[in-house]
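# generate a structure from the sequence data that follows.
(chains A and B)
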2 protein chains.
Amino acid sequence: MNRAYNFNAGPSALPLAVLEKAQSELLNFNGTGMSVMELSHRSQAYDEVHNKAKQLLKEILRVPDSYDILFLQGGASLQFAMIPMNFLPQEKKAYFVLTGSWSEKALKEASKIGKTDVIASSKEANYTHIPYDFQTENLHDAAYLHITSNNTIFGTQWKKFPKTNIPLIADMSSDILSREINVEQFDLIYAGAQKNLGPSGVTVVIIRKDLLEKTNNYVPTILNYQTHANKNSLYNTPPTFAIYMLSLVLEWVQTEGGLLKIEQRNKEKAEIVYRAIDESEGFYKPHAHQDSRSNMNVTFTLPSKELTQQFLEKAKEQNLIGLNGHRSVGGCRASIYNAVPLEACEKLAQFMADFRKKY
Amino acid sequence: MNRAYNFNAGPSALPLAVLEKAQSELLNFNGTGMSVMELSHRSQAYDEVHNKAKQLLKEILRVPDSYDILFLQGGASLQFAMIPMNFLPQEKKAYFVLTGSWSEKALKEASKIGKTDVIASSKEANYTHIPYDFQTENLHDAAYLHITSNNTIFGTQWKKFPKTNIPLIADMSSDILSREINVEQFDLIYAGAQKNLGPSGVTVVIIRKDLLEKTNNYVPTILNYQTHANKNSLYNTPPTFAIYMLSLVLEWVQTEGGLLKIEQRNKEKAEIVYRAIDESEGFYKPHAHQDSRSNMNVTFTLPSKELTQQFLEKAKEQNLIGLNGHRSVGGCRASIYNAVPLEACEKLAQFMADFRKKY
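Numbering: from 1, shown residues only, chains lettered A, B, ... in the order given. A predicted model of the protein is given here:
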């Protein structure tokens, strides 16, 4: 099998070992005579999958007992609405740090529901960096502060998170499970699965239990976080197969040596690609500033549109897939999530060097 | 492999041929060198899957051009909220026919959002039948009429749908694709996939385009049907694997000879199980009245709790799985969705006869 070097921004590469395991038991899960997709979500066989995913996530991210872990649907886009619906009362304000298109969308949805304000933004600079410098001491009307930990489109990533007394909410869709974090710095973390956690279709929410008590009871039952917390995310039928895949990915993280090992490898992988940019004498231009460079999405431009086009075509010929950049930045983007092997980054760096010499 | 006779109420049996196809290409979809789960939702390879699922559904259910087909997340439970959020203006009323727990839930959510009324109900009779007799001519304040086409818990199913001038909305989660329907009788049909359509995680919505124009623009973007219709259900990352499985299930329906064939077989299957009940001289008692018997979920009770327990245990020994009834009805339930083979129903009927003789 000629496996692609998959640099897709998400849905994206999954560990080959995970896919192989899923394949081997797709017709008969754990001796049940059924596919995992055919199990009742009320059966013991599925319950074990569900709780294993939850337990592994708790262990790997060292989630304290004072937090709940939820498996929801609808991706980050539904969280953009659920968060203000639940946690933005009329008399308060949601504050945002804008670091890219996804934070803008989160802001836009919150603005439909309540009062909002932008406390820091790098929009004027086309989101080339994380605006680290801002104060939150005097925001007495704050319901919460929202940040996006990694920005897929612009290729930037928070290197240290803000210390604040305001409840901190983070969209970690594109870098959860890529590095160690201190969960206690946050009141709510959410992430669509389709980068580091598994296939699309499940959304992980890690939420402080005392925040849960503040949900707005007027919101529809299914959009209230308490509904899901009270029922161990089994209030309605969960996306069972996606959660099963998540459990396999989490097992894989452990087999690979745990989160710190994954983080180190991610750094190494990113360095390989950034080095190819930095050593190109200006041929490849990085979009992100040094202090904000993402280890998940490496964004760069080439001297011309024509060269970019050629680069992408030639890359594809070498089985390097998914390198086209987003239109807001142009150029190229290499998404190098957990499941992208080091070898793929080396192959890309080599290709970048070769291409530069030729053109 | 000892494949289970799977009578789960959902998630439930999938066609073996579909699982085998998914397994065979799980590591390398269509020569891409990637799993279908690893494809970008913006790629051509995925686009073909997405549009094939849509096209096949359109063909098989004969959905007119005046309707849109959407692939959403969140199951029927999210639809319970989205429908009134979008289509229940303050000055109007949503009418409900109550035929079971799921219609009750739909009503409850709508009541959180606007004015509602129950136009017919068989609740007093513990939902043993569909209340076919009701009038809708004088409901001038109606926003819509909501029905549940099949009731998994109680084992009842609408045999003919109400003719009305009010927009008709149907939750078809548990019998869509099991029989021919005239889509034009409805303004909105919705269905969680996990019975006849595929694995859990995707929700199909078939919606009249002129109803789409009436969505409430104050609802969050992700909860507005127009958002998804305008972007071919690619506004945000869809549950790509679940949609892929849906496309395989739809192909299977065609291979099996189309919807009419499936409908005939479902009738035959149901008759086999109902006959085992009717010929049992009162040992097995059907829950549903004759004119409301579901061809998807056959519900019946035994003379005692002890016998029910024994029945379920002995059934399990014979690899007949998922026959326990819901607590609201007690007894047993055999869910015999499209993918449950005729053979499984014969096996069950034989087991029922044998068990009766012994006990």
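
# now the helices for chain A?
Using DSSP state H, the helices of chain A run over A:16-24, A:44-60, A:75-87, A:101-113, A:209-212, A:225-230, A:240-255, A:259-278, A:305-317, A:342-358.

# of all the ones you listed, which one is nearest residue A:154?
When the helices of chain A are compared by C-beta to C-beta, helix A:101-113 sits nearest residue A:154, at 8.0 Å. C-beta: built from backbone N, CA, C; applies to glycine.

# now that closest one: buried residues?
Within helix A:101-113, the residues scored as buried using 16 or more other C-beta atoms under 10 Å in any protein chain shown are A:101, A:102, A:103, A:104, A:105, A:106, A:107, A:109, A:110, A:112, A:113.

# check which helices and strands it sits against.
helix A:75-87, strand A:93-98, strand A:115-121, strand A:142-148, strand A:150-151, strand A:168-171 (3 or more C-beta pairs under 8 Å, 6 or more residues apart in numbering or on different chains; DSSP states H and E).

# please identify the most buried of the helices of chain A.
helix A:75-87 (a mean of 25; mean count of other C-beta atoms under 10 Å in any protein chain shown).

# quick check: angle from it to strand A:115-121?
130 degrees (axes from the mean of the first three to the mean of the last three C-alpha atoms, to 10 degrees).

# show the pLDDT at residue A:178.
You'll see residue A:178 listed with a pLDDT of 98.

# how about the residues of the stretch 251-359 of chain A near chain B?
A:319, A:321, A:322 (C-beta under 8 Å from any C-beta of the partner chain).

# tell me how many other residues surround the first one.
Right, the one you point to is residue A:319. 14 (other C-beta atoms under 10 Å in any protein chain shown).

# pretty sure it is in contact with residue B:32, am I right?
No. Counting by C-beta atoms under 8 Å, residue A:319 sits too far from residue B:32 to count as a contact (10.2 Å).

# shared neighbours of the two, anything?
residue A:4 (C-beta atoms under 8 Å, 6 or more residues apart in numbering or on different chains).

# apart from its chain neighbours, what residue comes closest to residue A:213?
residue A:226 (8.0 Å; C-beta to C-beta, 6 or more residues apart in numbering or on different chains).

# hang on, that neighbour packs against residue A:219?
No. Using C-beta under 8 Å, residue A:226 is not in contact with residue A:219; the gap is 9.8 Å.

# where does the prediction get shaky in chain A?
A:1 (pLDDT under 70).

# mind giving me the domain split of it?
Following automatic domain parsing, one gets these domains for chain A: A:17-255, A:258-358.

# quick one: which of the ones you listed is nearest residue B:59?
Short answer: domain A:17-255, nearest of the domains of chain A by C-beta to C-beta, at 24.3 Å.

# now do the end-to-end distance for that closest one.
End-to-end distance of domain A:17-255 (C-alpha to C-alpha, to the nearest Å): 10 Å.

# before we move on, back to that, can you lay out the helices and strands packed on helix A:101-113 as TSV showing distance to residue B:346?
What follows is the helices and strands packed on helix A:101-113, written out as TSV (distance: least, C-beta to C-beta, whole Å):
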stretch	distance to residue B:346
helix A:75-87	43
strand A:93-98	60
strand A:115-121	62
strand A:142-148	56
strand A:150-151	55
strand A:168-171	52
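
# do you know which of those lies nearest residue B:352?
Short answer: helix A:75-87, nearest of these by C-beta to C-beta, at 44.1 Å.

# and the stretch 51-200 of chain A, which of its residues are near chain B?
So the stretch 51-200 of chain A meets chain B at A:73-78, A:80-81, A:85, A:108-109, A:112-113, A:192, A:194, A:199-200 (C-beta under 8 Å from any C-beta).

# quick one, which of the helices of chain A gets closest to residue B:284.
helix A:44-60 (26.6 Å).

# roughly how far does the closest residue to residue A:49 other than its chain neighbours sit from residue A:71?
Using C-beta to C-beta, 6+ apart and skipping the chain neighbours, the partner closest in space to residue A:49 is residue A:244 (5.0 Å). According to C-beta to C-beta, to the nearest Å, residue A:244 stands 11 Å off from residue A:71.

# again, but for residue A:195
16 Å.

# and if you look at residue A:96?
In terms of C-beta to C-beta, residue A:96 sits 26 Å off from residue A:71.

# what of residue A:293?
31 Å.

# check residue A:314 too.
Counting by C-beta to C-beta - residue A:314 and residue A:71 are separated by 41 Å.

# next one: residue A:13
Residue A:13 is 22 Å from residue A:71, by C-beta to C-beta.

# now do the shared contacts for residue A:244 and residue A:71.
Shared contacts of residue A:244 and residue A:71 (C-beta under 8 Å, 6+ apart): residue A:53.

# quick one, what contacts the closest residue to residue A:27 other than its chain neighbours?
Leaving aside its chain neighbours, residue A:27 sits nearest to residue B:19 (5.4 Å; criterion: C-beta to C-beta, 6+ apart). Residues in contact with residue B:19 (C-beta under 8 Å, 6+ apart) are A:26, A:27, A:35, A:37.

# same thing with residue A:109?
A:80, A:81, A:84, B:220, B:221, B:222.

# and which of the residues you listed is nearest to residue B:51?
residue B:222 (21.7 Å).
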